[in-house]
Structure formats: C-alpha cells, structure tokens
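Novice: would you be able to build a 3D model of this:
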Amino acid sequence: MTMNNTSNEYNFVEVERKWQKRWEEARAFEAEPIEGKKKFFIIFAYPGISGYLHVGHMRGYTYADVIARYMRMRGYNVLFPAGFHASGLPSVGFAKKIERGDPATIAILKENGVPDDVIEKLKDPYEVVNFFRDIYIDEWKKFGFSIDFRYTLCSIDPGYQRFIQWQFRKLHEKGLLVKKQHYAPYCPRCGPVAVDPSETDISKGGNAEILDFLIIKFRDAEDKSLVYPAATLRPETIFGVTNMWVNPDVEYLVVKIDNERWILSEEGKRKLEFQLGRELEIECRIKGENLVGRRVIAPLINRAVPVYPAKFVDPLVGTGIVMSVPGHAPYDWIALKDLGMPVEPISIIKVEGFSELPAKDACEMFRVKSQEDRDGLEEATKEVYKKEYHRGVMKENCGEFAGMKVSEAKERVKEKLISIGEAINFKEFSEEVICRCGSRVYIKLVPDQWFIKYSDPELKKKTLDHMNKMVFYPKHAGDTIKAAVEWYDDRACVRKGRWLGTKFPLDETWIIEPISDSTLYPAYYIVSKYVNLGLIKEEDLDDEVFDYVFLGRGLPKKGLESVIESMRKEFLYWYPVDINLGGKEHMTVHFPVYIMNHVAILANEHWPRGIFVNWWVVQSKVSKEKLSKSKGGAEPAPKIGERYGIDAIRLYYCHEASPHDDMEWSFDKLENYSKRIRYIWNLFHRLLALDGSDIKFIDHWLISKINSRIKAVLSYLDKFDIRSAASEIFYGIVDDIEYYLKEGGNNKETARYVLERWVKLMAPITPHIAEEFWSLLGKETFVSLENYPEPEEEKISKYVEVGEEIIKRLVEDVKEIIRVTGIIPKKVYIYIAEDWKYDAFRALYRENFNVGSVIKEFIAKGYDKKLVPKVVQDLRRLAFDVPERLIESILEGFKEEKVLKEEIERIVQKIGAEIIVLSERDSKEEHKQKATRALPLKPAIVLE
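Specialist: Okay, the predicted model is just below:
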C-alpha cells in the first residue's frame, strides 16, 4: 500500500508503525508512582518460550491492553509490565528440534527471515530464550500494547531465580514444604514434565489425570510363577471374571519380577520399570497367539478361566492383557457378542434399575451394536460404573464381600489382593500424553519428592475467605477457581532433569518446576525495573533485600539504602495486582496457586484483587481445539497484521465474541473487521468535511446520542464488558453518524463535538487509528493519554432521542402504507391518540398488565364501553412490540404530538406530501373510525 492518508484510502501499515514509533520515542506508557494518584496494576500470564506468538496468545494480551488503556484514560496511574516464562522444557524442546534438524521448525524460522547462523545458535536453549525474548517484545510493540518495557522479567534471569529461592525459603519457614513419595509424569528424553491444561511442557494430553489402577495377578494354571497381569479400575469385579483377553498380533515379553515371570506388552514393561524404579530383565518373547487357549487361575475365587484372542486389546494401555467381566463391563459384553465366544456372563452385583446383567442392559440402553461404537460404549460404561458404585451391592457369590456396598468392596478387595501378594498398585494416564520433544510421557516413582503443602487447612481457609473479596471476570470463573482451591492437594514443586529453572534452595540437585516458580512473580516486576536500569546488581538481591522490599522486615542493605527504599515504596504503591489476566486453562492450576502463594507469604493488604479469564481462539467448528504452536496452524500474529491491520485484529478480538467464550478464528471474519476499520476511516472524513452552521433538531439528536453512547460505554468498560463496549463504539455510533448524515445533518460544530468524543472512545480498542484521527483533528497530544469521555448529562435529551425515533418509525409506516396501497397521497393525516389512552397504557404497567382491572377502571371513568376493551388489549400487545426505551418515555409522560409538529417540514420532505398532525378527537368526520385506532407511539395514518 502506498496511498496517502489524507485521501479516502487508509494505509494501516503506515499509520500503525508511525504511532508505535511515536509512543516509544515519547516513552508514553512509562509509569512512576505518583503520591495521591489512584493506581492500577495489571498483568497477563507471561508466555512460555516455545516459538512465535500466534493469534491465540494475542487475544488475551489484547484484552489486557484494552483494560490498561481504558484505566489510564480514566485517570489511573497504570502499571502494565510483561515477562517471559522460560522455565521447564519448552525452550529445551525447541532447541532439540533444531539440533535434530526438524524440517517444520526450521522452515518456520526461515519463513520469518531468520538467517542460518542464528538458527545454528538455537541449538542452545538459552539462545532460544534470548532470541524469542526479543521477538516477543517486538511483537507486543507491533500490536500496540501499552506495556512499560522497563518492567520486564524472565524466569531464568539470575535476579528472578534469587527471588524464587527467597520465596521457597519463606514457604519452608512457614512449614509449607514437605517431602514424600510421589508418582510424577516423566519423559524418557527430557525428564520430569508438567501435565496440566496449559500444556507448557507437553504437546498432547493436557487434561490427562493419573488414575489409580490395580494390577491383579492371574497365574498360569500349569506354571504358577507365570503371571498374566491385568490392570483394572474395578478390582471388586474379580468375582465376575470369565476369561482373559490378549492381542494375538502383539509380541509379548516374559520379564522377571522378583520370583515371578510376568507377561507384558513392551509398553507395559516400560511403565512398570518407571513405577517400580528398576529395570526389568527379559526372559523371552512370545507371540500373543501362542497364549490363546491357555488357562489362568483368578485369585480370591481360585477359578480357572481361558485366554481368548482380541485384536481390540491395545498394547499401549495398561499391561496389554485385559480381564473380562462381561456381566458388568459393556466393552467385554459386546466383545464376546461380536466374537461369538461360548462364555456365560456371571452376575455379581445387584443394583436397582438393572437386570442380572447391567452391561447387557446398558448396551441396549445406548443402542450399542458393535465394538466400533466407541462413544456408545463409553457412555454405557460410565452409566454402569456410576450406578453400581453408588447403589450396587455385592451378591452372595462374592464370598466374604457378599452384601457389601460396591463402594466399600472396591477398597476391601484391593486391600485383600495386595495383602496376599496377588496384586500391586499401578498408575495410568486417563489419556495419552506426549512431550514437546515427541516422546511418550510415563508415570515414574519419585521416592523423595518435595511438595508445597497446599492442603494446609489454615492456608486454604485464608485463601477462600480472601477470594470472597476478590473480583472475577466472568463471575463463574471465580467459582471454578474456588472449587480448585478446595480440592487442591499438595503439589510437587521440584523435579530432576535437563530443563531450565531455579535450583531448589533446600537441595540444589532439584529444579523448581514451572508452575511453582510462577506464582508470586508479579512482585518481582517492581524489582525488575531497578535491575534493568542498572540501579541494582542482581548479585545484590538476597533475602535481606527481599525481606525488606516485600515484607518490610529489617533495614535496607548498607550501601544500597536509597535504591532499596525506593523499591519498597514502589512495591507499597503498586501492590496488590488489580487484574491478573490469563487463559481458561489457568483456572485449575495457575490461578489457585497464584492466590495461595500470595496469601502464604505476603501481608493481606498485598493479596490479589481481581482475575480476568479469557477463553481460547479455536481452530474450527469441528475440532474446537485450542490454537497452539505445538499442534500447528498458528501463524505468527504480526504477519497477519501486515495483511489486515493490527487495529482490525484487535477489533475482531473485542467484538466477535465475549472474552469469556471460545472464538473460532476466521480470516473471512477478520477481513470484515478490516473493512469496518476502513469504513470508519472514510466516515470520519465525511463527518470532518461538514461545514454548515445551522443547528437543527437532528444536531440535538446526535449530540444527545453520543452522550448516551458514552454513558453506555462507561457502564460496560467499568465492568470490563469489552464486547458490549465495542458494539456501541464501532457499530452503534457508526449507525448514529450515518443516520445523521442521511437526515441532512451538516453542522461543523456538531461534527467536531462528536468526533472528539468518538475518537477517545475507540482509543483503548483501536489505538493506532484513534491517534491518527486525533492528529487530524489538530491535536498535538496522544489521545491515549487523554481523559476518557464523560457524558454531559444536560445534553442527553430523552425527548429528542425518542422524538427522532418516533419520526423515523412514522415515516417508515407511511411509506409502507403507500407501498401496500399504491396510493400516491397529496395529504397525509397523522392522528395522535387521545390522552386517556396514554393514561391507560401507564395503568397497565401500574396494574402489572391486569387487563380486566384496567378495563373496569376506564369504563368507570366514563369512556366508551365498546372501545375501552379493544384499546386496552391493543395497548397490551403494543407493550411487547415496542422497544423498552420508547415505553419508558410514555411512562414518563412523553407524547409524540409536539415533536411531530416541530419536525413537520422534514417529514414532508421525506414523504413528498402535505402532512397534517391532529389529535384523534379533532379528526375529520370521514376519518373518525380510522382515527380511533390511534395508540401511544402508533398514530393512526390516513392517506388522501
């Protein structure tokens, strides 16, 4: 694009770069404490460093910037910092991809203009961090974010790591660090990984849970040392086992475990090695088909059951061997039915609502016809398990457990099997988990794991009590976060492995994991400015400094009194955080521990005030999968901005969906928002070009409307309802201006009055074009630093706004009658309803729409007995057909006769005929019958 912005073409690339440069040169968004000025401290969840930022990231960051800009224009001193979460595996995983020459990763870098020598350096994860740190800052600037870049931090900066070690020493002082055995997610290549919805360390399986299985030992009938181990979630169903399943096509391993030989799939062996903490010796290999036909002894019941072939057995799940309980497991029931096996199911649980065979009933209930119906089988399985667990009772064929509730029997059978050496505990993910390096993630036994004691009753109570004082956007997000705090147990906080992070101060062979080093970090933003400006060295940051700055303990460090005192004052000024903004994936992990760590360590006046949760940008209507670098399909956001405009993307985020709903990314929709920006550019110039001086009714209307819009926008943005505000600013006001111009509005002063306010209104959402407009209005300041408009109440006129709407509705009604009748009128009679009809309308509201009561009241007043019932019924219908604002005007005493007579010349111009406005009672004799149809807001119309 090369067009000049003084023309009707809009060069968004030129405009956006210009104002980004000017903001930076003027240091427009740098914030310093100002005594007596109200402050607002907002952050967004700092991104993990694993590649370019895409439009999914930028959605949340844009909301943070809109809020920061709005609060700044509302007179707040706003601190808006940003950071980089380099801890954990993302950067390590990225470096490994470069090291092994991953074509897709290298192609993305080259597409973004990265030279070969720089790509070569990215084999080092620390170089990855430094590279993307600069990229992210550049991308944030290109999106117009009003961040104060003096306040930036990175979680692997030495100063930050000293701060995290201080935090953990404080937790230890308070008895909130404990050591115990733990089963943790583990990648064979990368070491321990975090599995949570944020998917910081992984590329698949963020919602996976660790499930507690029991491996039951089924022993070969001819060789009791040969074990067929089956993993199950329902050990109580051992009494209903009819057979075992093996996959005939799988090569199984016979491995030595103590004095036994276990038959396992390759994956089953690996899982057990990680969970037992030792390597298992392979004795031999055996094809699954060679196990078919053998018989095994089920423990507790001492019953021999056959081994049957089943290709549905997944060697990646459990041990690769499955016990079959067809009476109570829909998968087993339908498998036996499909395969035609001669097996009689055994009923072992009595439960109301089911026959002797609940699995059969559930398959019929969910219309499961074959093993291919995975969804139906899942539903059937859940139904059986839920009802049996909560209402089931073990039958008489269950030995010592007969008559016991299933919920109790499950634990008792498990204990019994373990005590007699016929079972062991086993952990399994609820779904497949893949590390960012591409390896499968396993569950590994860690005998000496450190935890943060989030189960501490006092910490929970204080946190929950404080959360009742916090503000959550949306409100229901607070309920989710509270629920997470309530069920939160101790969380593993350190790991061993080849990853980036802070050494654990109590044992430096451990590294603090990424969730645990990203809870109290907003406090370090205050310190980061002093480090970044060279006012204090990172090596001078020790517990003595942090104790004074954050807790007010002790005295400032000698020789650094001035700078440390300044940090303390700044912390007291800015803290607490007013809004922490992050994606919905943080509701059950990051946000709960963010609040709990603040409560655990800082004074209560420094505990968080608010949390804003944004939902995801998703890829399609079908998958609804979160947009993600690790899953592909995530183009770097600034490149899209070069094609459509950054302001267009920002408006797309703000208007297309509520921040609290998932938003499907669509380039077609983005193009529409780009067109909207260009249309607004042209509309601005049309309004700016007006040069008239006459003040008309329509001028009063537009001035009233802009003030009403301002009032509405403030009401929305004060509660951070960004979408509703965007609708008013970029659609409602546009409609108002278009209508004003269409109605012949041409007043220069009116235009300027409206433009100055409109430009300010749009500034938080589309700051670049707003700055350009402000400049075109002859202003030399930044509109971003102006005060947000306040409504001038004295200029808001319900009479004018309602009157204009009445005129518009009347003209539309007359034109519709002309169209339908085909009459070209010379005169149009407008008959206004009599006063008693307005009174009756108000009476309907007073009597809560009790039609009979109102009819009696007005007949008693002497009005026509035949006419009153019809009028009251018509008024009732009218109340549901007319906009609320018009109804309110009638209730407040408005009558349209005055405004129609005042604007009669404009109505004449629109209709092209003489207009006569009369009261219903003054109607011409031949119009009497039609005139009686007149109602409030709906005059009777007669054409001549």
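
Novice: low-confidence stretches in this structure?
Specialist: For the chain, the stretches with pLDDT under 70 are 1-8, 620-634.

Novice: let me see the domain layout of the protein.
Specialist: 210-429, 528-575, 637-785, 799-943 (automatic domain parsing).

Novice: let me have the ones you listed in JSON lines, extended by mean neighbour count and distance to Ala31.
Specialist: C-betas here are computed from N, CA, C, even on glycine. Converted to JSON lines, those look like this (neighbours: other CB atoms under 10 Å; distance: least, CB to CB, whole Å):
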{"stretch": "domain 210-429", "mean neighbour count": "18", "distance to Ala31": "44"}
{"stretch": "domain 528-575", "mean neighbour count": "17", "distance to Ala31": "8"}
{"stretch": "domain 637-785", "mean neighbour count": "19", "distance to Ala31": "12"}
{"stretch": "domain 799-943", "mean neighbour count": "17", "distance to Ala31": "39"}
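
Novice: turn those into TSV, including distance to Pro103.
Specialist: Shown next, in TSV, are the domains of the chain (distance: least, CB to CB, whole Å):
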stretch	distance to Pro103
domain 210-429	27
domain 528-575	37
domain 637-785	20
domain 799-943	59
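
Novice: helices of the stretch 151-300 of the chain, start to end?
Specialist: 158-173, 266-276 (DSSP state H, counting those that start in this stretch).

Novice: with adjacent residues omitted, what lies nearest to Glu30?
Specialist: Asp148 (5.1 Å; CB to CB, 6 or more residues apart in numbering).

Novice: repeat that for Phe684.
Specialist: Of all residues not flanking Phe684 in the chain, Phe773 sits nearest, at 5.7 Å (CB to CB, 6+ apart).

Novice: and what of Asp517?
Specialist: Once flanking residues are discounted, Asp517 sits nearest to Ile164: 4.9 Å by CB to CB, 6+ apart.

Novice: thinking the one you found is in contact with Thr502, fair?
Specialist: Yes. Applying CB atoms under 8 Å as the test, Ile164 and Thr502 come out as touching, 4.4 Å apart.

Novice: anything in contact with each of the two?
Specialist: 155, 512, 517 (CB atoms under 8 Å, 6 or more residues apart in numbering).

Novice: quick check: phi and psi on the second one?
Specialist: Main-chain dihedrals, Ile512, degrees, to the nearest 10: phi -70, psi 130.

Novice: what about it, distance to Arg169?
Specialist: Going from Ile512 to Arg169 by CB to CB, to the nearest Å gives 12 Å.

Novice: between these two, which one's more packed in?
Specialist: Ile512 (25 against 16; other CB atoms under 10 Å).

Novice: wait, that one sits on Gln167?
Specialist: No. Judged on CB under 8 Å, Ile512 makes no contact with Gln167 at a distance of 9.1 Å.

Novice: please identify every residue contacting each of those two.
Specialist: Counting by CB under 8 Å, 6+ apart, nothing touches both Ile512 and Gln167.

Novice: from Leu253, how far out is Glu738?
Specialist: Per CB to CB, Glu738 is found 75 Å from Leu253.

Novice: I should have written Ala107 there, sorry.
Specialist: Applying CB to CB, the value for Ala107 to Leu253 is 39 Å.

Novice: then Asn580?
Specialist: The gap separating Asn580 from Leu253 is 50 Å, by CB to CB.

Novice: can you pull the contacts of Asp338?
Specialist: Shown in contact with Asp338 (CB under 8 Å, 6+ apart): 370-371.

Novice: try it again at 10 Å.
Specialist: 310, 312, 369-372 (CB atoms under 10 Å, 6 or more residues apart in numbering).

Novice: from those residues, pick the one nearest Ile202.
Specialist: Using CB to CB, Phe312 is the member of these that sits closest to Ile202, with 27.0 Å.

Novice: for Trp616, which of the domains of the chain is the nearest?
Specialist: Closest among the domains of the chain, using CB to CB: domain 637-785, at 5.1 Å.

Novice: quick one, helices of the stretch 301-450 of the chain?
Specialist: 330-339, 358-365, 374-391, 406-419.

Novice: packing partners of the third one?
Specialist: Contacting helix 374-391 under the criterion 3 or more CB pairs under 10 Å, 6 or more residues apart in numbering; DSSP states H and E are the following elements: helix 330-339, strand 349-350, helix 358-365, helix 406-419.

Novice: run the chain-centre distance for the shortest one.
Specialist: Computed by CA atoms, centre = their mean, to the nearest Å, the chain-centroid distance of strand 349-350 equals 43 Å.

Novice: just stretch 923-934 next, same as before
Specialist: For stretch 923-934, the distance to the chain centre is 59 Å (CA atoms, centre = their mean).

Novice: what lies in contact with that stretch?
Specialist: The contact list for stretch 923-934, computed with CB under 10 Å, 6+ apart, reads 829-834, 837, 864, 867, 870-871, 874, 916, 918-922, 939-942, 944.

Novice: do the same with stretch 99-117
Specialist: Stretch 99-117 is contacted from outside by 51-52, 93-94, 96-98, 118-119, 121-125, 131, 135, 437-438, 629, 632, 634-636, 638-639, using CB under 10 Å, 6+ apart.

Novice: how about that stretch: buried residues?
Specialist: For stretch 99-117, the neighbour count (16 or more other CB atoms under 10 Å) marks 105-106, 108-109, 114 as buried.

Novice: next, the distance between the ends of stretch 318-337.
Specialist: End-to-end span of stretch 318-337 (CA to CA, to the nearest Å): 23 Å.

Novice: if you could redo that for stretch 541-561, that was the one I meant.
Specialist: End residues of stretch 541-561 are separated by 13 Å (CA to CA).

Novice: doesn't Leu683 make contact with Glu738?
Specialist: Yes. Counting by CB atoms under 10 Å, Glu738 does reach Leu683; the two are 7.2 Å apart.

Novice: run a quick neighbour tally on Glu585.
Specialist: If we define neighbours as other CB under 10 Å, then Glu585 has 21 of them.

Novice: between the helices and strands packed on helix 374-391, which one is closest to Val305.
Specialist: It is, among the helices and strands packed on helix 374-391 and with distance given as CB to CB, helix 330-339, at 12.1 Å.

Novice: report the distance from the closest one to the chain centre.
Specialist: 41 Å.

Novice: what do you get for stretch 212-222?
Specialist: 44 Å.

Novice: now swap in stretch 705-717 and tell me
Specialist: Centroid separation for stretch 705-717 versus its chain: 26 Å, with CA atoms, centre = their mean.

Novice: put the alpha carbons of whichever strand or helix holds Glu738 into CSV.
Specialist: Per DSSP states H and E: Glu738 is located in helix 733-742. The C-alpha coordinates for helix 733-742 follow below in CSV (Å, rounded to 0.1, in the frame of the first residue of the first chain):
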residue,chain,number,x,y,z
ILE,A,733,-22.1,5.3,16.9
VAL,A,734,-21.4,4.5,13.2
ASP,A,735,-25.2,3.9,12.8
ASP,A,736,-25.8,7.2,14.5
ILE,A,737,-23.4,9.2,12.3
GLU,A,738,-24.8,7.5,9.2
TYR,A,739,-28.3,8.4,10.2
TYR,A,740,-27.3,12.0,11.0
LEU,A,741,-25.8,12.4,7.5
LYS,A,742,-28.7,10.7,5.8
